[in-house]
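> Give me coordinates for this.
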Amino acid sequence: MHKAFIAAAATPAKVHLLRPADWEEAAKSLPEAVAGLAKANGFAGKAGEVVVSGGAGGARDHVLYGLGDAMDALAVAGLSAKLPEGDYEIAVDGGLPLAHIAAGWADGAYRFDRYLKDKAAPPRLVIGDNEDAAALDREAEAVALLRDLVNTPAQDMGPSAIEAAVRAIAKDFGADITVTTGDDLLEQNYPMIHAVGRAAPEAPRLIELAWGNPDHPELALVGKGVAFDTGGLNLKTGNYMRLMKKDMGGSAHVIALARLVMSSNLPVRLKLYVPAVENAIDSHAFRPGDVLSTRKGLTVEIDNTDAEGRLILGDALTKACESDPDLLIDFATLTGAARVALGPDLAPFYTDDGDVADAINAAGAVSGDPVWRMPLWDPYKSMLKSSIADMQNAGGAFAGSITAAIFLKQFVEARRWVHLDVWAWRLGKYGRPEGAAACGLRAIWTMLRTRYA
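Below is the predicted model of the structure:
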């Protein structure tokens, strides 16, 4: 079980999630000593307020936490981030469903301690041992895997380590795996993956996983796996390069999603594709002005070597479409323009399928994982026009997330396709430090469970 969860506990502290409008009435049902302690500390149910009362011997017996007036699905993260090790049980839910409480609890309790001498000892939430609890546990484990992958520095999370992560889940669930590496990418017709990664010390590769009954609907997942992005010869400045260990965040999302699919035994034929490269610089680096061939047969003029993620995705998306999936989903940390448009918390997604879009929006509301549909505005394809090739890889200063999505669309021949341009990161909030974050993962997973289960 996830280390922030426990099936049952002998004497857990009782957690009361409270809102300002409910506090006065809720105080009447609390032990007199607890209510008095809350009053002495000025507790009123405002967002982030915490009161912890101790019983005999100093053991914690009641925890009061203010939710405020907003409906934030992960609000409980602010509590689990502050609590010490121990067992806790929800006594008052504050109107939050258990799925939101558990997701928030695991989120706030998470610590990336791989390189720390002192390892984290998170507080544990009692969730029971039924199938609903198992589903919550699977989701928390997948999100933790995602965050660990993204938080790991590129020195330990290069293309080979990304491959190892896929091999690990393949072994766990009996999936088949195929990896095409180095110059074999040219022989197997993945020229853009090869071009982007050929200058790095670790060879570029396309990692493929297959699982499930071939008679079930095929679900194809594609994730951008740029282990580190210098920007190539269009070198990033230091402030923009600082977080580029997270440029494999798209691959982390689809690896986590694949784990959810397999651990839940979702009745699909799963295909996972991760093009894994490092966008580095040496004498073999691809250049601005180069024209690359592609698996699709199109040619691409390189306007900017820092628009490399869409190149490796182009070859991988082409491959994914060759088996005619029922649904194709890609995740990528593709553009800063997506953050300018929607900020750090909203995950933008693109699709031409209205039914799928409605299903994702509904799933975002149910899961409390915010997403927002963006337009695949076809007239902007003209921004990708090249005078010497079929198109170029960057569309200029305007609508950068949209033009990146339109670029990807040129490589897609699928019945239904969804593209998510995610940050895979977050700023410090709820009292937690900044770091890797799942963006749109729970919304997409909720949609998939509804669609296929």
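> which ones are touching the nearest residue to residue 370 once chain neighbours are set aside?
Excluding its sequence neighbours, the residue lying closest to residue 370 (CB to CB, 6 or more residues apart in numbering) is residue 346, at 5.1 Å. Using the backbone N, CA and C atoms, a C-beta is placed for each residue, glycine as well. With contact set as CB atoms under 8 Å, 6 or more residues apart in numbering, residue 346 has these partners: 370, 371, 372.
> Go again with 10 Å.
By CB atoms under 10 Å, 6 or more residues apart in numbering, residue 346 lies in contact with 338, 339, 364, 370, 371, 372, 374, 422, 423, 439, 440.
> and the longest strand anywhere in the chain, C-alpha only, in PDB?
With DSSP state E setting the assignment, residue counts place strand 269-279 as the longest strand in the chain. Backbone C-alpha positions of strand 269-279 (Å, rounded to 0.1, in the frame of the first residue of the first chain) are rendered in PDB as follows:
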ATOM      1  CA  ARG A 269      -5.100  -3.400 -25.700                       C
ATOM      2  CA  LEU A 270      -2.500  -0.900 -24.400                       C
ATOM      3  CA  LYS A 271       0.300   0.400 -26.600                       C
ATOM      4  CA  LEU A 272       2.800   2.800 -25.000                       C
ATOM      5  CA  TYR A 273       5.400   4.800 -27.100                       C
ATOM      6  CA  VAL A 274       8.100   6.800 -25.500                       C
ATOM      7  CA  PRO A 275      10.700   8.500 -27.700                       C
ATOM      8  CA  ALA A 276      13.600   9.100 -25.200                       C
ATOM      9  CA  VAL A 277      16.400  11.500 -26.100                       C
ATOM     10  CA  GLU A 278      18.600  14.200 -24.700                       C
ATOM     11  CA  ASN A 279      18.800  17.400 -26.700                       C
END
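> quick one: strands adjacent to whichever helix or strand comes after it?
Once the chain leaves strand 269-279, the next helix or strand it forms, by DSSP states H and E, is strand 291-293. Pairing partners of strand 291-293, with direction, according to DSSP bridges: strand 299-301 (antiparallel).
> Now do the buried residues in the strand it pairs with.
300, 301 (16 or more other CB atoms under 10 Å).
> quick one: low-confidence parts of the stretch 301-450 of the chain?
By pLDDT under 70, the low-scoring segments of the stretch 301-450 of the chain are 430-432.
> just the helices in it please.
Counting by DSSP state H, counting those that start in this stretch, residue ranges of the helices within the stretch 301-450 of the chain are 309-321, 337-342, 354-367, 400-409, 441-452.
> Export the helix ranked longest in the chain to CSV, keeping only CA atoms.
Taking DSSP state H as the assignment, the helix of the chain that covers the most residues is helix 131-151. What follows is the C-alpha trace of helix 131-151 in CSV, where atoms were taken according to Å, rounded to 0.1, in the frame of the first residue of the first chain:
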residue,chain,number,x,y,z
GLU,A,131,-12.0,-2.2,-3.9
ASP,A,132,-12.5,1.6,-3.7
ALA,A,133,-9.5,1.8,-1.3
ALA,A,134,-7.5,-0.3,-3.7
ALA,A,135,-8.3,2.1,-6.6
LEU,A,136,-7.2,5.1,-4.4
ASP,A,137,-4.0,3.3,-3.6
ARG,A,138,-3.3,2.5,-7.3
GLU,A,139,-3.8,6.2,-8.2
ALA,A,140,-1.5,7.4,-5.4
GLU,A,141,1.2,5.0,-6.4
ALA,A,142,1.0,6.1,-10.0
VAL,A,143,1.2,9.8,-9.1
ALA,A,144,4.2,9.1,-6.8
LEU,A,145,6.0,7.3,-9.6
LEU,A,146,5.4,10.2,-12.0
ARG,A,147,6.7,12.7,-9.5
ASP,A,148,9.8,10.6,-8.7
LEU,A,149,10.6,10.3,-12.4
VAL,A,150,10.3,14.0,-13.0
ASN,A,151,12.1,15.1,-9.8
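> Average pLDDT for the helix or strand following that helix, rounded please.
On the C-terminal side of helix 131-151, the closest following helix or strand by DSSP H and E is helix 159-173. On average, the pLDDT along helix 159-173 is 98.
> Ok, stretch 261-276 next?
Over the span of stretch 261-276, the pLDDT mean works out to 98.
> Go through that stretch and flag the buried ones.
For stretch 261-276, the neighbour count (16+ other CB under 10 Å) marks 261-264, 266, 268-276 as buried.
> Burial check on residue 39, number of neighbours?
12 (other CB atoms under 10 Å).
> hang on, the earlier thing: from residue 400, how far out is the residue nearest to residue 370?
Applying CB to CB, to the nearest Å, the value for residue 346 to residue 400 is 16 Å.
> how about residue 277, what does it touch?
For residue 277, the contacting residues are 158-159, 162, 185, 192-200, 202-206, 224-229, 247-248, 308-309, 311-312, by CB under 10 Å, 6+ apart.
> Check which residues of stretch 200-216 are buried.
Residues of stretch 200-216 classed as buried under the neighbour-count rule (16+ other CB under 10 Å) are 200, 202, 203, 204, 205, 206, 207, 208, 209, 210, 211, 212.
> pretty sure the first one is touching residue 158, no?
In this case it means residue 200. Yes. Residue 200 sits in contact with residue 158 when judged by CB atoms under 10 Å, with a separation of 7.8 Å.
> Need the residues touching each of the two.
Both residue 200 and residue 158 are in contact with 227, 228, 277, 278, where contact means CB under 10 Å, 6+ apart.
> Averaged pLDDT, the helix or strand hosting the first one. What do you get?
I take that to be residue 227. Under DSSP H and E, the secondary-structure element containing residue 227 is strand 225-229. Averaged across strand 225-229, pLDDT comes to 98.
> for the chain, which residue is closest to the average position?
residue 438 (3.2 Å; CA atoms, centre = their mean).
> Would you map the strands across the stretch 1-150 of the chain?
In the stretch 1-150 of the chain, strands defined by DSSP state E, counting those that start in this stretch lie at 5-6, 13-18, 50-54, 60-66, 86-92, 123-126, listed in chain order.
> For residue 67, give me its contacts.
So, once contact is read as CB under 10 Å, 6+ apart, residue 67 ends up touching 17-20, 22, 45-49, 75-76, 78-79, 93-96.
> on that earlier part again, the longest helix of the chain packs against which elements?
In terms of contact count using 3 or more CB pairs under 10 Å, 6 or more residues apart in numbering; DSSP states H and E, helix 131-151 is assigned the packing partners strand 5-6, helix 98-109, strand 123-126, helix 159-173, helix 249-263, strand 425-426, strand 435-436, helix 441-452.
> nearest to residue 284, of the buried residues of stretch 200-216?
Within the set of the buried residues of stretch 200-216, residue 200 lies nearest residue 284; the separation is 9.1 Å, counting by CB to CB.
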